[in-house]
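A.B. asks: how does the following fold in three dimensions:
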Amino acid sequence: MSASSAHVVAVGVFDGVHRGHQKILAVARARARDLDTALAVITFEPHPDAVLGKAPPRPPLTPVGEKTALLMEYGADRVDVLHFDREMAALEPDAFVRRYLLDGLGMRFLVAGADFALGRARRGDMGFLRDLGVRLGFGVEGISLFTEDGGSVSSTRIRSLLAEGRVQEAAELLGRPYCLEAQVVGGHGLGRELGFPTANLEMLEHRCLPADGIYAARVALGDGAQRLGALSIGTRPSVGGGPRTVEVYVLDFEGDLRGRSLRVEFLAWLREERHYPTLEALARAIAEDVTQVRELAAQGRISAQFPARPPAS
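C.D. replies: As a prediction, the model looks like this:
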């Protein structure tokens, strides 16, 4: 990382870029305006907890490509993704700050979560960083945890909600619906035989999936068109089972989606995945799912239109 002009720097893992992270970014943007500097975000891949054995490796809520795009959308002028390994973890905190933040970015102000710490044995906590800032000439601000419904807004809490299929509650904490970006690949054609041709989805990046079940979804088809959909995650028990798959029936669409990249947002849980004794029973269940999606839309509870997120404040 070469030396650069002055920056305010926000540092963190930022998995999910949820409302707590957005609070950190909003403060960092305000400090950048005050100091007439650009805003740089430093984030880490893979997750430090996985590298250090504090937690098992888990698929991310926001893979690095999506996370970078979201951080830019929420106001970053640049995003530096640092490869986190044991060598980086062993750096003394002042060495990390000098190498990556001062020499690399000309940091004038640092913003992070109040519980953030960096460097060997997490010695670089907020108290350490404030003292270091006094000596080296940069300001530091720690942002307290964002809370919602009596609990902190965290990636762990969002994962727990998704694991239970509670996608609407997860959306409240994220500040947007949870989404997938995927490519449509060929399938067995069973959906077409049943009268509901589904698009079989292959994730563009490895990521966390919500619980197995059926969901109301919103689909961007890649050509500007937007539709509602009934999305299934599961092992297809009614047709003999198999590996976990993701497929979506796009309402009011005719044509071949194979090869297209789709963006799919989870809007509401419909039901759990079930075994049906016959293909006719399975087809009736899918028809009921589609009817339920249409009813939710008619009630104004969901929409095919992807809302524009508010501009960064």
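A.B. asks: now the element after the host helix or strand of F109, going C-ward?
C.D. replies: Per DSSP states H and E, F109 falls inside strand 107-113. The helix or strand immediately downstream of strand 107-113 is helix 126-136, counting by DSSP H and E.
A.B. asks: the following helix or strand past that next one to strand 107-113, inter-axis angle?
C.D. replies: Downstream of helix 126-136, the next assigned helix or strand under DSSP H and E is strand 139-143. Strand 139-143 runs at 10 degrees relative to strand 107-113, counting by axes from the mean of the first three to the mean of the last three C-alpha atoms, to 10 degrees.
A.B. asks: what's the average pLDDT for strand 139-143?
C.D. replies: Across strand 139-143, pLDDT averages out at 97.
A.B. asks: pull the residues that contact the next helix or strand after it.
C.D. replies: For strand 139-143, the following helix or strand on the C-terminal side (DSSP H and E) is strand 147-148. Contact with strand 147-148 is made by R19, V153, E172, L173, as judged by C-beta atoms under 8 Å, 6 or more residues apart in numbering. (Glycine included, C-beta is placed from N, CA and C.)
A.B. asks: now strand 147-148, how far from the centre of its chain.
C.D. replies: The chain centroid and the centroid of strand 147-148 are separated by 18 Å under C-alpha atoms, centre = their mean, to the nearest Å.
A.B. asks: could I get the contacts of strand 147-148 in JSON lines, plus columns for secondary structure and distance to C208?
C.D. replies: Converted to JSON lines, those look like this (DSSP: H, G, I helix; E, B strand; the rest coil; distance: C-beta to C-beta, whole Å):
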{"residue": "R19", "secondary structure": "helix", "distance to C208": "17"}
{"residue": "V153", "secondary structure": "coil", "distance to C208": "16"}
{"residue": "E172", "secondary structure": "helix", "distance to C208": "17"}
{"residue": "L173", "secondary structure": "helix", "distance to C208": "14"}
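A.B. asks: out of the residues you listed, which one has the weakest pLDDT?
C.D. replies: Of all the contacts of strand 147-148, V153 carries the smallest pLDDT score, 93.
A.B. asks: quick one: the strands in the stretch 201-313 of the chain, in order.
C.D. replies: Here the stretch 201-313 of the chain has its strands, by DSSP state E, counting those that start in this stretch, at 213-220, 226-234, 245-250, 261-271.
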